[in-house]
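Q: predicted model follows, preceded by the sequence.
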Amino acid sequence: MAAESDSIAGGRGDGDIWERVQQCVRCALEEARLTAAQLSAVGITNQRESTLVWDRHTGQPYHNVIVWNDTRTDALCEQLMQDGGKDRFRDLVWLLDNVPGLRAAAHSGDALFGTMDTWLLWKLTGGTQFATDVTNASRTLLMNVRTLQWDEGQLRALGVPRCMLPEIRSSSEIRSSSEVYGQATGVLEGVPIAGILGDQQAALFGQTCFDPGSAKCTYGTGAFILMNTGDTHGLLSTVGYKLGSAPFVTHGLLSTVGYKLGSAPCVYALEGSIAYAGSAVQWCRDNLGLFQSTADVEALARSVPDNGGVYFVPAFAGLFAPYWRKDARGTVCGLTAYNTKAHIARAVLEAAASARAVLEAAAFQVTEVLSAMNTDSGVDLRMLKVDGGMTANALLMQFQADILGTPVFRPEISETTALGAAFAAGLAVGVWHDQEELRSTWKRQQRFAPELPSRAREALLHSWAKAVDKSLDWIDDVPTTVSAALSDAADAAALHASSSPRAALRKSWASSTGSLSALASSASTGGGDGGSSGGGKSKHAPRRHHRHKRHHSQQQPDGSGGGGGGGGGGSVGGGMVGQGRLVAVAAAALCVGAAVGVALARRQQRW
Ligand SMILES: Nc1ncnc2c1ncn2[C@@H]1O[C@H](COP(=O)(O)OP(=O)(O)O)[C@@H](O)[C@H]1O
Ligand SMILES: O=P(O)(O)OC[C@H](O)CO
């Protein structure tokens, strides 16, 4: 089924993923000058929520992968919410509803469901092992986070047959060869697969955030902050609401599974997710052509002393934590009346100020999530451990510390996600003896201390909050482009009944200027040219009730879209020296949508 066109956001052929994972494993082995036979164990870590359904007999997927930030299932979510649920797992239900014959195949036991870890485990073991770990299972919202088993009530409510779901196991099958996930075949022939962790939980583990209150932020495509909350699912006192077996929702954060080592109690975590972080930098590079490579953003941003009053809210597919607003859209604020079109053209070409704003946006978002976390957990964060591709950017890291008012620690190994998977697998087979030993391997590469006076910090946060406010309330039932207004046949009658496409566009414009009622009335008399672009103290757009039926401005013609282009090029690397005679190398094979952390054991060699 990989023949269907693959868009970055809309899905990927499974064949691509499997092929690329094998390629990356080969590359990792080659670079490390090792053979599979020299490996002690392999751990799998993966982009979470991304979903695949395949035929158990042929191994053929029924559909492309639906990745975590795909918005094609928005309408389904709306429907589920109206039916009384919220945050229910949507991707599998969408597939069951939309792929011809899939529901019957699911009920007959022919169709298997998995997140990418399950798919890779199944492929690596020649189709003999069908399992997932608690962290990945928890992201489907089909698992009961207390019993750590599939929730029968939830399955019934969503019409998901139990027989298509994998067995749920721990994240690290500790010290028993009979308990590892399975033995690999093919490219990793004979190697025990001994650990599985969703990528963000793997980073938490790789950062050795083992104590309650310790937290990390991974800056990749999105940015994900996880704080260890201990072995009791204990945020009940601050719970905002809870529905079914879905995680508890507090201040826009999710209580989720952190990791589970063998038969030890499960460790939980509080999570704040930000949809666009590194992907906003990619957007500047690819869609605006502001610079050649993502690393160039730092020099461009450093070429101006500050953001010049420009704020950029990358709400391309709405805002995730702590807002969870699907109606928000990307916004650039703070352009002044002094700017001419020449300034705008120059700004688009050089974009120094906005490049800085893009970086700062990531830091602002993380700061907000951490502030919500402090409130919910009752623990004040004293330091933040960071990892992921964006942490190469020292300007961003310094700004993060400044705006947070808390030191930021960058480790020697920034591919902490792969490292965490290697740790989980290595623990299982005895490469490391315990978590204390893992903790002792964590090395700081740089500490970024906050330098910004609190007065300045507060001023910036104030302006950021205003910018966020301006990004809200953008998407409603009215199309925002001429083509959407004209081509939406289903809406034509309604539009003609109430107004014209011209009026619809004016309405969107009015919303953007915060003067909806004035413009709506001028539209009805045929007047109004969009109003003044200049001064005056603009008030915030009036809040309206939204039904969010369609997201015209975001979706692609195929209904996909909104994704941030998760994943990215492969990267292989990361080295560390273990205690004693064994040296462990975490080799990350990052593919579109999937990553394999390989724990390699080798004697007396430094990497
Ligand atoms: N020097 C840099 N400055 C800012 N962003 C960067 C830099 N280098 C990489 N990035 C961003 O980091 C992201 C890749 O990080 P990575 O951890 O590999 O993400 P993922 O695991 O989601 O694929 C990309 O979105 C890229 O734009
Ligand atoms: O695409 P990433 O690497 O930012 O991570 C995706 C997360 O796993 C989504 O839950």
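A: Looks like it arrived, so ask away. Ligands and ions are numbered 1, 2, ... in the order given.
Q: quick one, phi psi at Gly195?
A: With angles defined as degrees, to the nearest 10, Gly195 shows backbone torsions of phi -150, psi 140.
Q: what does this structure have sitting close to ligand 2?
A: Gln47, Arg48, Glu49, Trp68, Asp199, Gln200, Gly220, Thr221, Gly222, Gly566 (C-beta under 6 Å from any ligand atom). All C-beta atoms are positioned from the backbone trio N, CA, C, and that covers glycine.
Q: quick one, what contacts the third one?
A: Counting by C-beta atoms under 8 Å, 6 or more residues apart in numbering, Glu49 touches Val67, Trp68, Asp91, Thr115, Arg139, Thr140.
Q: kindly report the same for Trp150.
A: Ala137, Leu142, Met143, Asn144, Arg162, Leu165, Ile168.
Q: give me phi/psi at it?
A: Torsion angles, degrees, to the nearest 10, at Trp150: phi -60, psi 140.
Q: can you pull up the bridge partners for it?
A: Beta-bridge pairing of Trp150, defined through DSSP bridges, involves Met143.
Q: residues contacting Arg162?
A: Counted by C-beta under 8 Å, 6+ apart, Arg162 has contacts Trp150, Glu152, Leu155.
Q: now do Arg410
A: Contact analysis of Arg410 by C-beta under 8 Å, 6+ apart lists Val386, Asp387, Thr391, Met397, Arg444, Gln445, Gln446, Arg447, Phe448.
Q: hang on, the earlier thing: among the contacts of Trp150, which one lies nearest to ligand 1?
A: Distance to ligand 1 across those (C-beta to the nearest ligand atom) is lowest for Ala137, with 20.9 Å.
Q: distance-wise, check the residue in the stretch 1-150 of the chain positioned nearest to ligand 1 relative to Thr35.
A: Taking C-beta to the nearest ligand atom, ligand 1 has its nearest neighbour within the stretch 1-150 of the chain at Gln47, 7.2 Å off. Distance from Gln47 to Thr35, counting by C-beta to C-beta, to the nearest Å: 28 Å.
Q: which of those two has more residues huddled nearby?
A: Gln47 (28 against 10; other C-beta atoms under 10 Å).
Q: for the helix or strand where Ile225 lies, name the packing helices and strands.
A: Secondary structure assignment for Ile225, by DSSP states H and E: strand 223-230. Secondary-structure packing of strand 223-230 (3 or more C-beta pairs under 8 Å, 6 or more residues apart in numbering; DSSP states H and E): helix 199-206, strand 215-219, strand 254-259, strand 267-274, helix 352-377.
Q: output the first one as PDB, restricted to C-alpha atoms.
A: This file holds the C-alpha atoms of helix 199-206, laid out as PDB (Å, rounded to 0.1, in the frame of the first residue of the first chain):
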ATOM      1  CA  ASP A 199      10.800   8.400  21.900                       C
ATOM      2  CA  GLN A 200       9.900  11.000  24.500                       C
ATOM      3  CA  GLN A 201      10.000   8.500  27.300                       C
ATOM      4  CA  ALA A 202      13.200   7.100  26.000                       C
ATOM      5  CA  ALA A 203      14.700  10.600  26.300                       C
ATOM      6  CA  LEU A 204      13.500  10.900  29.900                       C
ATOM      7  CA  PHE A 205      15.200   7.600  30.600                       C
ATOM      8  CA  GLY A 206      18.300   8.500  28.600                       C
END
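Q: can you list contacts of that helix?
A: Residues outside helix 199-206 that contact it (C-beta under 8 Å, 6+ apart): 43, 45-48, 135, 171, 197, 216, 218, 220, 224, 226, 228, 256-259, 269, 271, 387-388, 413, 416-424, 586, 595, 597.
Q: pick the most buried one from the helices and strands packed on strand 223-230.
A: helix 199-206 (a mean of 32; mean count of other C-beta atoms under 10 Å).
Q: for it, what does the pLDDT average out to?
A: Helix 199-206 carries an average pLDDT of 97.
Q: same check, this time on stretch 25-44
A: Regarding stretch 25-44, the rounded mean pLDDT is 95.
Q: tell me the buried residues in that stretch?
A: For stretch 25-44, the neighbour count (16 or more other C-beta atoms under 10 Å) marks Val25, Ala28, Leu29, Ala32, Leu34, Ala36, Leu39, Ser40, Ala41, Val42, Gly43, Ile44 as buried.
Q: where do the strands of the stretch 301-450 of the chain begin and end?
A: Using DSSP state E, counting those that start in this stretch, the strands of the stretch 301-450 of the chain run over 311-313, 331-333, 384-387, 408-411, 444-448.
Q: who are the packing partners of the helix or strand following the longest one?
A: On the C-terminal side of strand 444-448, the closest following helix or strand by DSSP H and E is helix 454-471. Contact here means 3+ C-beta pairs under 8 Å, 6+ apart; on that basis helix 454-471 packs against strand 311-313, strand 331-333, helix 352-377, helix 394-404.
Q: surely Lys326 is in contact with Ile475?
A: Yes - Lys326 lies in contact with Ile475 (C-beta atoms under 8 Å); the separation is 6.8 Å.
Q: which helix or strand contains the residue lying closest to Leu158 once chain neighbours are set aside?
A: Excluding the flanking residues, the one nearest Leu158 by C-beta to C-beta, 6 or more residues apart in numbering is Val93, at 5.4 Å. Assignment of secondary structure by DSSP H and E places Val93 within helix 91-98.
Q: show me what that helix is packed up against.
A: Under the contact rule (3+ C-beta pairs under 8 Å, 6+ apart), helix 91-98 is packed against strand 51-55, helix 74-82, helix 102-108.
Q: ranking those by mean pLDDT, which is last?
A: Taking the mean pLDDT of the helices and strands packed on helix 91-98, helix 74-82 comes last: a mean of 65.
Q: done for today, thanks.
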